[in-house]
Structures are given as C-alpha cells and as structure tokens.
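Enquirer: What would the 3D arrangement of this be:
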Amino acid sequence: MKISNILRSIMGYILLIIALSILAIPGSILFLMPACWRRKSSLFFSFMHIVYWVILRCTMVPIKIIGASHIPRKTAIIVANHQSALDVTLVSVLLKGHAHIWLAWSALFKRFALNFIL
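Expert: Now for the predicted structure:
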C-alpha cells in the first residue's frame, strides 16, 4: 500500500471528525424533531444534504457522475445496488435536499441505535 493512500485516509478521517463535530449541534436539534415533522421539513433534508456532501468530500475519493440529469425531481423510486458503502451518501447528494426516505432490512430496526437513525 502506498504511503500517499495512507496519508490521504488519515487526512480524510481527521477532516470528517472536524466536520461532523461542527455539524453535531444543529444536527442533534434537527434529529430531536418528531419523525412526522422531519419527513415534511425541507430544512431537515437540506441539512442532511450538507452532511452527506461533507462526508463525500472527506473521503477524498475522485467521483465521476454520469447521467445526473436523469434523476427525477418528483416522486420516484431510486434503487441502489450497493456497489460501495458510499451509495447512500452519493444518492443523497445527487437528490440535492429533496425529501427522500430510505428503506432498510427489517432486522436493522431491532437495534436501538439504528432504529433511531432509520
């Protein structure tokens, strides 16, 4: 493994920790909103767009997006086939703050921390 890849990974982790610590206070306030308000709030989805964008940039992975103009701006079902762990982040960034809901495997809801997030 090249030393430059290791340094890039370490730098990405440091940037991610700094960015998420800055976004933690407004994020915790928005997450304390009742779920029915969060689903209707454009402020919540705009904030999540910023969080996902920061996470994507902190990975320092070069990403080439082809066909972003084909993403609908109205109600649609978007299916990600999980080519990487960045699928959720990348699709959320491409939605540009539009309301969206993620579906997940039902066993994930049995864990408290994941149930709160999902």
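
Enquirer: Specify the helix with the largest residue count in this protein.
Expert: The longest helix of the chain (DSSP state H) is helix 3-31.

Enquirer: Point out the other helices and strands that that one packs with.
Expert: Other helices and strands packing on helix 3-31, by 3 or more CB pairs under 8 Å, 6 or more residues apart in numbering; DSSP states H and E, are helix 42-58. To be clear about C-beta, it is placed using only N, CA and C from the backbone, and glycine gets the same treatment.

Enquirer: Report the next helix or strand after the helix it packs on in sequence order.
Expert: helix 87-94 (DSSP states H and E).

Enquirer: buried stuff in that next one?
Expert: 89-93 (16 or more other CB atoms under 10 Å).

Enquirer: What of stretch 22-38?
Expert: Neighbour count says stretch 22-38 has 23, 27, 30, 38 buried, by 16+ other CB under 10 Å.

Enquirer: chain center to it, what's the gap?
Expert: 14 Å (CA atoms, centre = their mean, to the nearest Å).

Enquirer: Perfect, I'm done here.
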